[in-house]
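Chemist: I'll drop the sequence and a predicted model, then ask my questions.
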Amino acid sequence: MKLLIRNGNLIDPTGEVSGIQDILVEDGVIVKLFPQLEDPDAEIIDGEGLCVCPGLVDPHVHLRDPGFTDKEDICTGTAAAAHGGFTTIACMPNTKPVADTPEILQYILEQAKCGSGVRVYPIGAVSVGEQGTVCTNFAALKEAGAVALSDDGVPIMNAALMREALQKANCCGLPLLCHEEDRELVQNFGVNEGKISRQLGIPGRPAIAEELMVARDGMLSLETGVPVHFCHISTAGSVAIIRALKQAGAAVTCETCPQYFTLTEEAVLEQGSLARVNPPLRTKRDVAAILEGLRDGTIDCIATDHAPHTAEEKARTLTEAPSGMVGLETALGIALTELYHSGVLELTEVIRKMTSDPARVLGLKSGQIAIGEAADLTLFDLNEKWVIDPTKFCSKGRNTPFADRSVRGKVKYTIVSGRIVYRCTP
Ligand code: DOR
Ligand code: ZN
Ligand code: ZN
């Protein structure tokens, strides 16, 4: 089985090869990278006018299986990933039951085999049942295929448990991915504490709830020397703290999501529960700081926090609906529009934050285009304009605040190990 991708514009943040190149793939592996290759036996993809980057890597996805397959399952979630240009995704353990044992991880990996072909790496829970009291068996979870540990959705309030988890995670080389919000400071309403929460007369989630936890876990990372990755950073204060932590030599990394560099708390007024997410959408000042953090390298990764919910759940009122939004099928278009086309980041930097940097956080080899490595590739038209239409999503979740938004940059092919897992049809 051979595949020849012709005349694509290679964008590889880690590689030495760039510009117009041909890529020859044999048995799933890149064997040649050179202009104007020929191979009579190969299937040809015409990459003329397209960018070719390493397959996108999303370190933060909720696949909902087991337990919540009315929201998403591994087939639809991985199809959504392929549609969005992602070849590798890591899935969060807040399923039912929680992914806190090797058996659940095995189930997820088994289900992933019948998915779209996108690589699925499970994230194991830090604490049993995400209850925040007893650490899971990290070594056993790693053995079963976990690439990281997280209690995402439920912040770890107990600093002693967090400290113990850091020490244990280091022993088996698993990164800890932290959802940072002090639970005592956040009411259950997915809206920023500020102008809009006051206008609506509901309690909000203050920025300080996130910042205190970022500071605490940053200090624990400094103390222990063990890496910490902060999930979905949303506030100016978090960016400033992480910048300072990095300057102090802490082994910290972080991600943000498209919603945090595009939308503000005002979106709740127009979009209601579709704009409800934890941590919440913040202020203009926070968005500006997130953009600056992306620009100066404080923010390493762009993740989606793809969090599908059913139409019925999201039709509930703002105070009754669950938090979260889908993101796999809109992330690249939004990132290219808001970061590259608007002049915030070079194209290579946008791609780095969606490929090699998340791969590095997860300790994966993905996120590069190199001879001898698996041909995980995403081909996209950098300039094609399209309008986000949730009815076209492969995800079961249609819960996005980005419906009807015009974006520039469209996925054309998603390739995993030389196999086309998504092809855009006109
Ligand atoms: O908004 C959110 N939704 N934040 C989380 O941390 C969890 C996620 C979910 O699982 O729905
Ligand atoms: Zn979270
Ligand atoms: Zn999440």
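Modeler: Sure thing, it's come through. Numbers count the residues shown, from 1 in each chain. Ligands and ions are numbered 1, 2, ... in the order given.
Chemist: now the phi/psi pair for Ser366, please.
Modeler: Main-chain dihedrals, Ser366, degrees, to the nearest 10: phi -60, psi 170.
Chemist: per-residue pLDDT, it?
Modeler: Note for Ser366: predicted pLDDT of 94.
Chemist: could you do Val17 as well?
Modeler: 85.
Chemist: from here on, call the first residue 27.
Modeler: Happy to do that; since the first residue is 27 now, the last one works out to Val43.
Chemist: which ones are touching it?
Modeler: 36, 59, 395 (C-beta atoms under 8 Å, 6 or more residues apart in numbering). (Each C-beta comes from the backbone N, C-alpha and C, glycine too.)
Chemist: from those residues, pick the one nearest ligand 2.
Modeler: Ile395 (30.5 Å; C-beta to the ion).
Chemist: tell me who's in contact with that closest one.
Modeler: Per C-beta under 8 Å, 6+ apart, neighbours of Ile395: 36, 38, 41, 43, 49, 56, 59, 78-80, 403.
Chemist: surely it is within a strand?
Modeler: No: counting by DSSP: H, G, I helix; E, B strand; the rest coil, Ile395 is located in no strand; its state is coil.
Chemist: so what's it closest to, chain neighbours aside?
Modeler: Asp38 (4.4 Å; C-beta to C-beta, 6 or more residues apart in numbering).
Chemist: who touches the closest residue to ligand 2 within the chain in this structure?
Modeler: When scored by C-beta to the ion, the chain has His205 as its residue closest to ligand 2, at 3.5 Å. Contacts here follow C-beta under 8 Å, 6+ apart; on that basis His205 touches 176-181, 257-258, 304.
Chemist: that one: what's its closest spatial neighbour, skipping adjacent residues?
Modeler: Nearest one to His205, counting by C-beta to C-beta, 6+ apart, is Asp178 at 4.6 Å.
Chemist: ok, the one you found to Asp208 distance?
Modeler: 15 Å (C-beta to C-beta, to the nearest Å).
Chemist: just to revisit the earlier point, nearest to Ser432 among the contacts of His205?
Modeler: Checking the contacts of His205 against Ser432 by C-beta to C-beta gives His258 as the nearest, at 24.7 Å.
Chemist: I'd assumed Glu281 was in contact with that closest one.
Modeler: Yes: using C-beta atoms under 8 Å, His258 is in contact with Glu281, at 6.3 Å.
Chemist: can you list residues touching both of these two?
Modeler: Listed contacts common to His258 and Glu281 are 86, 329; contacts here mean C-beta under 8 Å, 6+ apart.
Chemist: for Glu129, helix, strand, or coil?
Modeler: Assignment for Glu129 (three-state DSSP): helix.
Chemist: what sits against it?
Modeler: Glu129 touches Ala170, counting by C-beta under 8 Å, 6+ apart.
Chemist: center of the protein, which residue is that?
Modeler: Ala329 (2.4 Å; C-alpha atoms, centre = their mean).
Chemist: that one contacts Pro384, correct?
Modeler: Yes: at 6.8 Å, Ala329 counts as touching Pro384 under the criterion of C-beta under 8 Å.
Chemist: which residues do these two both contact?
Modeler: In contact with both Ala329 and Pro384: 84-85, 281, using C-beta under 8 Å, 6+ apart.
Chemist: between those residues, which is closest to Glu136?
Modeler: Using C-beta to C-beta, the shared contacts of Ala329 and Pro384 come closest to Glu136 at Asp84, 20.7 Å.
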